[in-house]
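> I'll drop the sequence and a predicted model, then ask my questions.
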Amino acid sequence: MIKKILIANRGEIAMRIMRSCREMGIKTVAVFSEADRTSKHVSFADEAVCIGPAPSKESYLIIDNIIEACKITGADAIHPGYGFLSENASLASKCQKEKIIFIGPKPYAMCKMGDKITARQTMIAAGVPVVPGTKENLTTKEQAEAAAKKIGFPIMVKASSGGGGKGMRLVKNTKELWDAVLAAKSEALSSFGDDAVYMEKYIKSPHHIEFQILADKFGNTIHLCERECSVQRRHQKIIEETPSPLMTPELREVMGLAAINAAKSVKYVGAGTVEFLVDDNLNYYFLEMNTRLQVEHPITEKVLGIDLVKEQINIANGKKLPFKQSDIVQRGHAIECRICAEDAYNDFMPSPGIIKHVSEPKGIGVRVDSYVYDGYEIPIYYDPMIAKLVVRAASRKYAIERMKRVLYEYRISGIKTNIGFLRKIMDIPDFVKGKYDTHFIEKHIDTLLKPPRATKTLTEDMAIIAAYFDYIMNLEENTPKTSAEGRAINRWKEFGKRKGVLRI
Ligand code: MV4
């Protein structure tokens, strides 16, 4: 039985994993880079080990340092979280050699799914629908042109080692084809050290829908329903929800079975996610499988009442799944917004710096997975996501209302965040109606980026006074957030009307 887990990650996900460990009576080990000494995941753990300098390539991505940290602390298992080494088959192999339990699938499944050409071949053999396209690496112009002619333009050229949009090219005709293949190859080689590319028919306005999978070591594999992840910007998810607005019980059943077959075809063990593209006619196609816990896993937890990290640990301990497919019933609707330290009005540039004050929303149906605190300096080296804001309510309509409430309740000062941007999304009629696909953000970007009010040029004195008033108003006691009727109110107007003592 696992007694001590080293979490090979940082930030909110490290803390998320430690919380489940603590409930299970398992000791936790944090690892941290020199830039993360003051990160909350470090003080939150039972023990912590520094594993190198600030850049991830010199710390969080060094397998030997992670293994060494296990040996120093006597950790018997590693949970990799998401990102970093989470889908690295070499870490999983190294763990096997060192008799450390890797909380995730076997290296075999990671390798099969990590290579997209192999994954496509495996899915075709398993009868899982894939996007019409090629089964092999493209090597000659003639081969590429013949394949494209058969598939029909427009087509997508994708890197076999890719994912997340890197090394991907949209091609409209034969004239552009070979240059696109060469460009994709060169990008793939420099990004992944592998220039294999394949071709798929272009799906015009797809939905990104993924299925959560759990599989134990006894061959029991179930799906935990879908997550709709079509609200993305440059392949970064912004909002996820479950159930998907376009899902039907019938489609869920067939896609869920396809996801289970995808997992079984690589002897998958643990928690995983099967991604699909779904077109307007509800045709679905396997895209890729993520062999890790995902950022957006809490929405699944919220509607099912299941702790996915606990299930991962139990599976790693050789326990049988405690539920069968028919036990999996979603209750209500959950939405997640990713809270990022970024400036939407400056091309979404990361906005690192010191958090002056943070006040997180609370109350019924709310979950905030976060790791920041007053005075914390967000490092420039890592992902700008500082929290995940998750709500659950009885219906989609109520979940949106709740998300609007918590987005107005959230206070972060000192840095720029995307909270204002997220609030605006909640008011876009297409979002409210659930009528959106992967082009949603680009379609509405002008509305979303319209400045909230006319920008005036500030003198330095004006800026100092404004900052001072902003500070006073952000103190909890001086900040009326809603009117008696529950409407959001103009704080400046309220402030001006106010008589009596202000607490400073
Ligand atoms: C596609 C596609 C249309 N047709 N493949 C983008 C990331 C990578 N994981 C797969 N992606 C896409 N593949 C075919 N054959 C459109 C996308 C795509 C996309 C997919 C999911 C979520 C957001 C997206 C945004 C743009 C393009």
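Great, that's in hand. Just so you know, these numbers come straight off a predicted model, no measurement behind them.
> how about low-confidence regions in the chain?
Per-residue confidence for the chain (pLDDT under 70) gives these ranges: 452-458, 474-481, 491-492, 494-504.
> 80 instead?
Judged against pLDDT under 80, the low-scoring parts of the chain cover residues 163-166, 451-461, 466, 469-504.
> got the residues of it near the ligand?
Contact residues (CB under 6 Å from any ligand atom) of the chain with the ligand: 131, 156, 163-165, 200-203, 206, 208, 232, 235, 277, 287, 438. Every C-beta, even on glycine, is put in place using the N, C-alpha and C of the backbone.
> and if we set it to 8 Å?
By the rule CB under 8 Å from any ligand atom, the part of the chain lying against the ligand is 131, 133, 155-156, 158, 162-165, 168, 200-204, 206, 208, 229-230, 232, 235, 237, 275, 277, 285, 287-288, 438-439.
> Weed out the non-buried ones from these.
With burial judged by 16 or more other CB atoms under 10 Å, the buried subset of the residues of the chain next to the ligand is 131, 133, 155-156, 158, 162-163, 168, 200-203, 206, 208, 229-230, 232, 237, 275, 277, 285, 287-288, 438.
> Show only the entries of those residues found in strands.
155-156, 158, 200-201, 208, 229-230, 232, 237, 275, 277, 285, 287-288 (DSSP state E).
> Contacts only, for the residue lying closest to L422 once chain neighbours are set aside.
In this structure, L422 finds its nearest non-sequential neighbour in C337, 4.8 Å apart by CB to CB, 6 or more residues apart in numbering. The neighbours of C337, taking CB atoms under 8 Å, 6 or more residues apart in numbering as the test, are I238, I239, K388, L389, V390, M403, L407, L422.
> As JSON lines, the residues you listed with neighbour count and secondary structure would be great.
What follows is those, written out as JSON lines (neighbours: other CB atoms under 10 Å; DSSP: H, G, I helix; E, B strand; the rest coil):
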{"residue": "I238", "neighbour count": "19", "secondary structure": "strand"}
{"residue": "I239", "neighbour count": "24", "secondary structure": "strand"}
{"residue": "K388", "neighbour count": "22", "secondary structure": "strand"}
{"residue": "L389", "neighbour count": "25", "secondary structure": "strand"}
{"residue": "V390", "neighbour count": "24", "secondary structure": "strand"}
{"residue": "M403", "neighbour count": "27", "secondary structure": "helix"}
{"residue": "L407", "neighbour count": "22", "secondary structure": "helix"}
{"residue": "L422", "neighbour count": "23", "secondary structure": "helix"}
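> Quick check: the farthest pair among the residues you listed?
Using CB to CB, these span at most 13.6 Å, a distance reached by I238 and V390.
> where exactly do the strands run in the stretch 251-400 of the chain?
270-278, 284-290, 333-340, 342-343, 349-350, 353-354, 357-359, 366-370, 377-378, 385-393 (DSSP state E, counting those that start in this stretch).
> and the ones you listed as a markdown table, adding distance to E485?
Converted to a markdown table, these look like this (distance: least, CB to CB, whole Å):
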| stretch | distance to E485 |
| --- | --- |
| strand 270-278 | 40 |
| strand 284-290 | 44 |
| strand 333-340 | 24 |
| strand 342-343 | 33 |
| strand 349-350 | 38 |
| strand 353-354 | 36 |
| strand 357-359 | 22 |
| strand 366-370 | 21 |
| strand 377-378 | 36 |
| strand 385-393 | 20 |
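> closest to E47 out of those?
Comparing these by CB to CB, strand 366-370 comes nearest, at 22.0 Å.
> Next, the angle from that closest one to strand 385-393.
Counting by axes from the mean of the first three to the mean of the last three CA atoms, to 10 degrees, strand 366-370 lies at 170 degrees to strand 385-393.
> What lies in contact with strand 366-370?
12-13, 15-16, 298, 302, 339, 360-361, 386-392, 402, 406.
> Could you point out which of the contacts of C337 is nearest to I66?
Nearest to I66 among the contacts of C337, with distances taken as CB to CB, is K388, at 24.2 Å.
> D430 should be in a helix, yeah?
Yes. The assignment for D430, made by DSSP: H, G, I helix; E, B strand; the rest coil, places it in a helix.
> Excluding chain neighbours, give the residue nearest to it in space.
Y436 (5.2 Å).
> Verify the contact between the one you found and S230 for me.
Yes. Between Y436 and S230 there is a contact under CB atoms under 8 Å: 5.8 Å.
> Quick one: work out the angle between the helix or strand harbouring L214 and strand 284-290.
Take DSSP states H and E as the rule and L214 turns out to sit in strand 207-215. Counting by the same axes, to 10 degrees, strand 207-215 lies at 60 degrees to strand 284-290.
> So what's the gap between strand 207-215 and the chain middle?
Centroid displacement of strand 207-215 relative to its chain, using CA atoms, centre = their mean, to the nearest Å, is 13 Å.
> Alpha carbons only: can I get it in CSV?
What follows is strand 207-215, C-alpha atoms only, in CSV (Å, rounded to 0.1, in the frame of the first residue of the first chain):
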residue,chain,number,x,y,z
HIS,A,207,-16.8,20.7,-31.0
HIS,A,208,-14.1,19.4,-28.7
ILE,A,209,-15.7,16.8,-26.5
GLU,A,210,-13.7,14.5,-24.3
PHE,A,211,-14.7,11.5,-22.2
GLN,A,212,-13.2,10.7,-18.8
ILE,A,213,-12.1,7.1,-18.4
LEU,A,214,-11.3,5.0,-15.3
ALA,A,215,-9.8,1.6,-15.6
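> That one pairs with which strands?
Each strand paired with strand 207-215, and its direction, by DSSP bridges: strand 221-233 (antiparallel), strand 270-278 (antiparallel).
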